[in-house]
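1. quick one, structure for this:
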Amino acid sequence: MSMEFPAAAARDRSSGDSRFVLLLAALAGAVIAQIAIALVFGSMAGSARDSWIVSMPLFVLLASSGGFVLWTVWHARALAFSPRVWMAIVLAGLLMRLPYFGTGPMLEDDHFRYLLDGAMVANGFSPYALSPQDLLNGSHGASAGLVAAGRQVIEAINFPDLRSVYPGTAQLLFAIAHAVMPWDVDGIRLIVLCAEGITALLVWHVLKISGRPAHGVMLYWCNPLMAFSLTGQGHIDAALVPAVFVALLAGWYGRSLVAGMALGMAVGVKLWPILLAPLLARVLWPNRQALVVFALGLAITSAILCAPLVLASLSPHAGLAAYAGGWSVNNAPFAWLSYGALHLIGPTTGEQALRLTLAALGISLSLLVALKRPEDPGRLFGSAALLAASVFYLSPAQFPWYAVWFLPLALAGGRWALAAATIGLPVYFLFFPLAAEGQRDIHTYGLAALHVMPVLMVSVLVHRSSRQGGVSWV
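-> Numbering: from 1, shown residues only. Below you'll find the model as predicted:
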């Protein structure tokens with residue numbers, strides 16, 4: 001035995017070293033891909049996506065580097081979370097995001113709306129009262145100085161006839177970004193980078209207290225699609241995740257007021273986290289006092305942050321009403337159902353009936369997930385991930401950055417196969433050259449269905465590994 005033990009230890013060290021080298025290779029590849037994207041596409045306007053020589057390389061870079069990262073983490077899942085692994089993951093995630101600072105619009109135009117909203121809030125104007133078109137037409141004389149300072153940004157906004165669709169927390173963050181870097185997308189990127197960093201720490205914390213491999217955080221922090229879509233393109237969706245995590249953790253530890261207020265803050269970024277309220281209420285049950293405090297905290301915070309947007313949506317040219325009633329992107333099953341509803345019920349009534357049905361399904365799933373109280377924090381986050389992923393896949397609009405709704409929750413809750421969604425979602429970028437050629441239906445009814453395939457394939461792999469007794473995170 002004394003002779004065999006050193007040999008076994010040496011084999012373990014060799015295996016661990018090879019896994020670490022593989023991990024470093026995947027991280028290096030992801031960093032190089034992000035640097036290439038930032039350098040090549042950084043100065044290009046959103047309209048450049050209409051070219052195949054832009055969208056196809058972007059799709060390939062994001063999907064391939066994301067697949068390599070996922071495959072590597074799977075094969076290195078038994079690797080000990082040592083200081084060198086921790087340092088490699090932290091550094092790689094930063095290096096994947098920092099190249100975007102100082103670049104241009106990065107093939108996107110959403111941030112132009114963010115910049116205007118932030119400037120309006122910072123200068124005392126309501127983004128729900130005036131559209132970009134109203135400002136440019138001079139319908140509000142007091143805003144002349146605002147228009148003079150930001151005309152180039154305002155003129156670049158998509159759907160200029162619509163007023164803002166973003167609730168109060170998002171508006172506050174836009175205003176902070178404006179105060180830090182007026183009319184500059186890097187101000188938005190700074191906010192998003194901070195949110196991503198906090199999210200990564202929270203994912204790591206939940207993995208640690210749940211007894212799951214902590215380097216699973218790499219699937220978020222070192223995820224190529226997340227780095228590009230969030231910090232790179234500056235999408236504010238990243239900001240709702242820390243609030244959701246705080247709400248879930250506070251609920252688990254019985255901090256009902258914090259849970260309610262934090263969930264309200266998340267609703268103030270995007271409205272859908274309100275569906276997590278029944279799950280948190282189930283965690284607090286049967287403490288009636290805690291339930292009342294949670295409900296009050298959620299109701300008051302949500303009302304303050306969202307009431308102006310909801311009230312404004314009752315008038316014409318409201319962004320929220322237009323989004324809820326007409327947006328449909330990158331969701332082939334919805335397109336198929338919409339086509340059927342169009343012919344069976346009618347063009348307007350059929351679309352409305354379909355969207356109301358999907359909303360009812362989302363609410364039903366919210367209640368269904370809350371039927372059983374989670375046994376530990378990991379299972380709580382797993383239940384939240386299941387609901388968030390369901391909301392995403394029921395949503396008519398499935399933009400790549402919407403994956404942040406469920407990905408961090410899925411990793412923290414042991415449903416890590418959902419990370420494979422970020423391999424397929426870059427197929428979204430192939431819509432633009434097809435649409436420019438008049439072939440959008442190829443994507444809408446066909447290619448868009450492919451982005452769910454990696455999730456199904458990896459789910460099968462995880463299931464087989466679990467049945468065979470392999471190391472699993474589920």
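
2. and Val329, its phi and psi?
-> The phi/psi pair for Val329 (degrees, to the nearest 10) reads phi -140, psi 130.

3. that one contacts Trp401, doesn't it?
-> No: counting by C-beta atoms under 8 Å, Val329 stays clear of Trp401, with 11.5 Å between them. In short, each C-beta sits where N, CA and C put it, glycine included.

4. neighbour count for the two, which is higher?
-> Counted by other C-beta atoms under 10 Å, Val329 and Trp401 do not tie: Trp401 has more neighbours, with 23 against 18.

5. what's downstream of the strand or helix carrying Ala277, the next helix or strand?
-> Here Ala277, judged by DSSP states H and E, is contained in helix 277-284. Sequence-wise, the next helix or strand downstream of helix 277-284 (DSSP H and E) is helix 288-312.

6. next, the contact list for Phe68, please.
-> Ala26, Gly29, Ala30 (C-beta atoms under 8 Å, 6 or more residues apart in numbering).

7. the second one: neighbouring residues, count only.
-> What it means is Gly29. 18.

8. so after the one helix or strand it maps to, what's the next helix or strand?
-> Using DSSP H and E, the element containing Gly29 is helix 4-41. Proceeding N to C from helix 4-41, the next assigned helix or strand is helix 52-75, under DSSP H and E.

9. so Pro127 sits right up against Tyr114, yeah?
-> No: under the criterion of C-beta under 8 Å, Pro127 is not in contact with Tyr114, lying 10.1 Å apart.

10. what is in contact with these two at once?
-> With C-beta under 8 Å, 6+ apart, Pro127 and Tyr114 have common neighbours Tyr166.

11. re earlier: counting by contacts, list what the helix holding Ala277 packs against.
-> Counting contacts by 3 or more C-beta pairs under 8 Å, 6 or more residues apart in numbering; DSSP states H and E, helix 277-284 packs against helix 240-252, helix 256-267, helix 288-312, helix 347-369, helix 377-394.

12. so, low pLDDT: which residues of this structure?
-> 1-16, 139-140, 316-317, 319, 322-326, 465-474 (pLDDT under 70).

13. domain assignment for it?
-> Domain segmentation of the chain under automatic domain parsing yields 14-108+186-467, 110-185.

14. grab the nearest non-local neighbour of Ser64.
-> Excluding the flanking residues, the one nearest Ser64 by C-beta to C-beta, 6 or more residues apart in numbering is Ala33, at 7.8 Å.

15. show me the contacts for the one you found.
-> Taking C-beta under 8 Å, 6+ apart as the criterion, Ala33 is in contact with Leu61, Leu62, Ser64, Ser65, Pro224.

16. could you redo the last one with a cut-off of 7 Å?
-> Shown in contact with Ala33 (C-beta atoms under 7 Å, 6 or more residues apart in numbering): Leu61, Ser65, Pro224.

17. which one of those residues sits closest to Trp183?
-> Pro224 (28.6 Å; C-beta to C-beta).

18. you'd agree the closest one is up against Ser64?
-> No: taking contacts as C-beta atoms under 7 Å, Pro224 lies outside contact range of Ser64: 8.7 Å.

19. more neighbours, those two?
-> Pro224 (28 against 15).

20. what sits against that one?
-> Per C-beta under 7 Å, 6+ apart, neighbours of Pro224: Ala30, Ala33, Gln34, Leu62, Ser65, Gly66, Val69.

21. ok, so of those, who is nearest Ser315?
-> Leu62 (38.9 Å).

22. the closest one contacts Phe228, doesn't it?
-> Yes: using C-beta under 7 Å, Leu62 is in contact with Phe228, at 6.2 Å.

23. looking at the two, which one has more neighbours?
-> Taking other C-beta under 10 Å, Leu62 and Phe228 do not tie; Phe228 has more neighbours (31 against 28).

24. can you classify the more buried one by secondary structure?
-> helix (DSSP: H, G, I helix; E, B strand; the rest coil).

25. report the separation between it and Ile191.
-> 17 Å (C-beta to C-beta, to the nearest Å).

26. equivalent analysis for Lys208, please.
-> For Lys208 relative to Ile191 (C-beta to C-beta), the value is 26 Å.

27. of the two, who's got more company?
-> More neighbours surround Ile191 than the other of Lys208 and Ile191, with 24 against 13 (other C-beta under 10 Å).

28. ok, back up a step: any chance of the contacts of Pro224 in a markdown table, with distance to Ala195 too?
-> As requested, the contacts of Pro224 are exported to a markdown table (distance: C-beta to C-beta, whole Å):
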| residue | distance to Ala195 |
| --- | --- |
| Ala30 | 20 |
| Ala33 | 22 |
| Gln34 | 18 |
| Leu62 | 20 |
| Ser65 | 22 |
| Gly66 | 20 |
| Val69 | 21 |
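
29. with only the CA atoms kept, save stretch 41-51 in CSV.
-> Extracted in CSV, the C-alpha atoms of stretch 41-51 (Å, rounded to 0.1, in the frame of the first residue of the first chain):
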residue,chain,number,x,y,z
PHE,A,41,-17.3,45.0,-34.6
GLY,A,42,-16.9,47.8,-32.0
SER,A,43,-17.1,50.7,-34.4
MET,A,44,-20.0,49.2,-36.4
ALA,A,45,-23.5,50.6,-36.1
GLY,A,46,-26.5,48.3,-35.5
SER,A,47,-27.3,48.3,-39.3
ALA,A,48,-24.1,46.4,-40.0
ARG,A,49,-25.8,43.3,-38.7
ASP,A,50,-27.6,43.1,-42.0
SER,A,51,-24.4,41.9,-43.7
